[in-house]
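In: coords below, sequence missing:
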């Protein structure tokens, strides 16, 4: 859920009308009935918490709304001789729209013109094989263009088609993984089921069996129920995520799902494409090697091919920079480049020509070995060949004549090695999944310092059986010649192996992998479909910002993990005390005002201060197990101490006020001890935090004994 997508009214409602807030109001009403108004102090904390949540989310919403404009889906409308970009809400019937590769279709249209227009309708049909569209065919809202360009006339708008639900449809992606959120929701669900029946039974025991007065029975019941509510944990988590969205936005990362912050923090496999992440994305022609054709012939063909397509990728720009404009040569048929078939083509008056990956266009071993020798040096190689007809897939190619090899080079980013060193230190394995030659990708990966980049595989040789694929992916760090469907399967294979997988991409060929990863990260300058399918969008389109973003995510999650033990300790010992004191038929050991003191000093203040620290030591797995490792033993120890106090009270004949005094001291000291455990490893700041809250607790205990219903240690003069 993106904070920018909610209205102000929705934000206020979400922080005020909650199950726990309503429960707290009921408890406050019971305290009013009892007449012991000082025990309503907890409502001040509830109101303060709600205000903090509302103010923080409204501030973040303002920031996110400004940034979201950058990634908003727009349409290109043809009006007269001009092309204008408009919000999808302004599209009207009969409008003429221009669509190019990477665009998401925002309204049902009838195709008017098609220049090799291919459409992926997987978000609607589940079938990812691109569909060739011709004039008269229908373009469905929610699909996206994989190749070519075209124009279409709008058939439907508003509720008549999918346009108004475009974002929702693009987000048929896997929800970002949130182990922490799932664990907290599970705790809340179990507590919610038990809190009302336990509260009712506790009141009956206090009133009928213990023999307390009606007001005291109410107050004791409120104390028992109040301690069970982990509302502070819920608030801490939601506010931390909201603030995290804001901090990441200031680092130019737009979080489209709050859960993505945790998913990013826990990622231990990071998959990425080579272009735009490791390399600059810019290419240049290094050399042209004729293979039986004259230089003039090659110049004419490639000049024509480079300038005949309106949709130009990095390879097309490199060809345009090297060859003269040959667009004056008549072209009767065009086949745009597709990441699925790995080549492009044209038909002229004389012949048809294909340009693409050599291993997709020829089976000539000598030629492939020659191309491979350049690939081993980290260079990209294209094969130009002529053929009798314009083949549309590698399987159709029956006859082709090689004309030339074109060698291109791309550059590794200067800071690439530092980026991958950071991820290696954080225990994140980087995998390159690219459509390029695996040897080329491997060489570039080694230059960038990616561990095990020499272990590469041609994806065409990977098994189709999923169980076999799960075993194979463990062997490699580089996957070359990968189709969009294979990217998706490789992501799923790592997930099936128990990994938390992040995927970085910007192209239409990355959409399937982005939407099925645990945390999909897209570039703002990438395809619309990629941005809509991702969980996080890098607004500067700069992969070098990933370490800072990952650190921010890890800090947020690590701090929540650490302080969650403080909240769960109180919830666990409160539940256990309620059950035990129901069974033994004794007066509940705390009153609400005492729990408010423990909650403020040993939970609220330290959790707030500790979540502001810079700390990226996040546990990869087992949030609940990690938290219970601290909170469960502490809760059991406190329950044992309080039960022992009950035994000693009966033996030594202590007064009720002395018993409450010992109960509060025990609860406070043990809760402060949990803070001490959570603060490890110690530093000056954490030492001051523990010292400060200890002094506050001691000051309240000794200076205001009557207010907290404990023994007065220092007599009034």
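Out: Arrived safely, thanks for sending. Keep in mind that this is a model prediction, so the values were computed, not measured.

In: does residue 669 sit in a helix or strand, and which one?
Out: helix 656-678 (DSSP states H and E).

In: do you have the helices of the stretch 251-400 of the chain handy? List them.
Out: With DSSP state H, counting those that start in this stretch, the ranges of helices along the stretch 251-400 of the chain come out as 259-266, 295-307, 314-322, 358-361, 365-375.

In: pLDDT of the last one, averaged?
Out: Meaning helix 365-375. The average pLDDT within helix 365-375 is 90.

In: deepest of the helices of the stretch 251-400 of the chain, which one?
Out: helix 259-266 (a mean of 28; mean count of other Cβ atoms under 10 Å). C-betas here are computed from N, CA, C, even on glycine.

In: surely residue 194 meets residue 574?
Out: No: applying Cβ atoms under 8 Å as the test, residue 194 and residue 574 come out as separate, 10.9 Å apart.

In: between these two, what contacts are shared?
Out: Common neighbours of residue 194 and residue 574, counting by Cβ atoms under 8 Å, 6 or more residues apart in numbering, are residue 228.

In: the two - which one has more neighbours?
Out: Ranked by neighbour count (other Cβ atoms under 10 Å), residue 194 and residue 574 place residue 574 first, with 27 against 13.

In: spatially nearest residue to that one (excluding sequence neighbours)?
Out: Distances taken as Cβ to Cβ, 6 or more residues apart in numbering put residue 227 closest to residue 574, at 3.0 Å, once the chain neighbours are dropped.

In: pLDDT weak spots in the stretch 301-450 of the chain?
Out: Of all residues in the stretch 301-450 of the chain, those with pLDDT under 70 make up the ranges 311.

In: if we can go back for a sec, ok, residues contacting the helix holding residue 669?
Out: Applying Cβ under 8 Å, 6+ apart, the external contacts of helix 656-678 come out as 562-563, 565-566, 569-570, 587, 589-591, 594-595, 597-598, 601-603, 606, 610, 630-631, 634, 637-638, 641-642, 645-646, 649, 654, 689-690, 693-694, 697, 701, 708-711.

In: give me the buried subset of those residues.
Out: 562-563, 565-566, 569-570, 587, 589-591, 594-595, 597-598, 601-603, 606, 610, 630-631, 634, 637-638, 641-642, 645-646, 649, 654, 689-690, 693-694, 697, 701, 708-710 (16 or more other Cβ atoms under 10 Å).

In: mind checking which of those residues are in helices?
Out: 562-563, 565-566, 569-570, 594-595, 597-598, 606, 610, 630-631, 634, 637-638, 641-642, 645-646, 649, 689-690, 693-694, 697, 701 (DSSP state H).

In: next one: the helix holding residue 669 to chain centre, how far?
Out: On the basis of Cα atoms, centre = their mean, to the nearest Å, helix 656-678 sits 40 Å off its chain's mean C-alpha point.

In: now swap in stretch 225-233 and tell me
Out: Counting by Cα atoms, centre = their mean, stretch 225-233 comes out at 28 Å from the chain centroid.

In: and what of stretch 108-121?
Out: 32 Å.

In: now do stretch 704-717
Out: Stretch 704-717 sits 52 Å away from the centroid of its parent chain (Cα atoms, centre = their mean).

In: do stretch 257-266 as well
Out: 4 Å.

In: could you number the chain from 50 rather than 1 from now on?
Out: From this message on, residue numbering opens at 50, which makes the last subject stretch 306-315.

In: quick one: mean pLDDT over it.
Out: The average pLDDT for stretch 306-315 rounds to 81.

In: please apply the same query to stretch 201-208.
Out: Across stretch 201-208, the average pLDDT comes to 84.

In: contacts for it?
Out: Contacts of stretch 201-208 (Cβ under 8 Å, 6+ apart): 140-146, 148, 156-161, 187-188, 190, 210, 212-213.

In: pull out the buried positions in it.
Out: Buried, per 16+ other Cβ under 10 Å, within stretch 201-208: 201, 202, 203, 204, 205, 206.

In: if we only consider those residues, which is nearest to residue 384?
Out: Comparing the buried residues of stretch 201-208 against residue 384 with Cβ to Cβ places residue 201 closest, at 20.1 Å.

In: in the sheet, which residues pair with the closest one? Tell me.
Out: Beta bridges link residue 201 to residue 146, residue 160 when assigned by DSSP bridges.

In: where does the stretch 100-249 of the chain have low pLDDT?
Out: For the stretch 100-249 of the chain, applying pLDDT under 70 flags the ranges 105, 109, 112-122, 171-178, 207-208, 210-226.

In: hey, where'd the helices end up in it?
Out: 171-174, 215-219, 228-253.

In: export the ones you listed to CSV and append columns for distance to residue 108.
Out: Formatted as CSV, these follow (distance: least, Cβ to Cβ, whole Å):
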stretch, distance to residue 108
helix 171-174, 34
helix 215-219, 23
helix 228-253, 22
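
In: for these, which one sits closest to residue 124?
Out: Among the helices of the stretch 100-249 of the chain, the nearest to residue 124 by Cβ to Cβ is helix 215-219 (10.3 Å).

In: in three-state terms, label residue 528 for me.
Out: strand (DSSP: H, G, I helix; E, B strand; the rest coil).

In: was I right to think it contacts residue 538?
Out: No: contact criterion Cβ under 8 Å: residue 528 and residue 538 do not qualify, at 10.6 Å.

In: out of the two, which sits in the busier spot?
Out: Each of residue 528 and residue 538 has its neighbours counted (other Cβ under 10 Å); residue 528 has more, 25 against 21.

In: which one is the more buried one nearest to, not counting chain neighbours?
Out: residue 482 is the one closest to residue 528 (Cβ to Cβ, 6+ apart), at 4.8 Å.

In: would you list the phi and psi of the one you found?
Out: Backbone torsions of residue 482, given as degrees, to the nearest 10, read phi -120, psi 110.

In: residue 269 too?
Out: Torsion angles, degrees, to the nearest 10, at residue 269: phi -60, psi -40.

In: test my guess that it contacts residue 261.
Out: Yes: if you go by Cβ under 8 Å, residue 269 and residue 261 touch, sitting 6.5 Å apart.

In: need the overlap of contacts for those two.
Out: Common neighbours of residue 269 and residue 261 (criterion: Cβ under 8 Å, 6+ apart): 255, 636.

In: doesn't residue 554 make contact with residue 321?
Out: Yes: applying Cβ under 8 Å as the test, residue 321 and residue 554 come out as touching, 7.2 Å apart.

In: looking at these two, which is more packed in?
Out: Legend: neighbour count by other Cβ under 10 Å for residue 321 and residue 554, higher for residue 554 (30 against 23).

In: sorry, back to before: of residue 269 and residue 261, who's got more company?
Out: Relative neighbour count places residue 269 above the other of residue 269 and residue 261, with 25 against 19, counting by other Cβ under 10 Å.

In: who's in contact with the nearest residue to that one once chain neighbours are set aside?
Out: Among residues not flanking residue 269 along the chain, residue 637 sits closest, at 3.9 Å (Cβ to Cβ, 6+ apart). Residue 637 makes contacts with 251, 255, 269, 270, 272, 273, 626, 627, 630, as judged by Cβ under 8 Å, 6+ apart.
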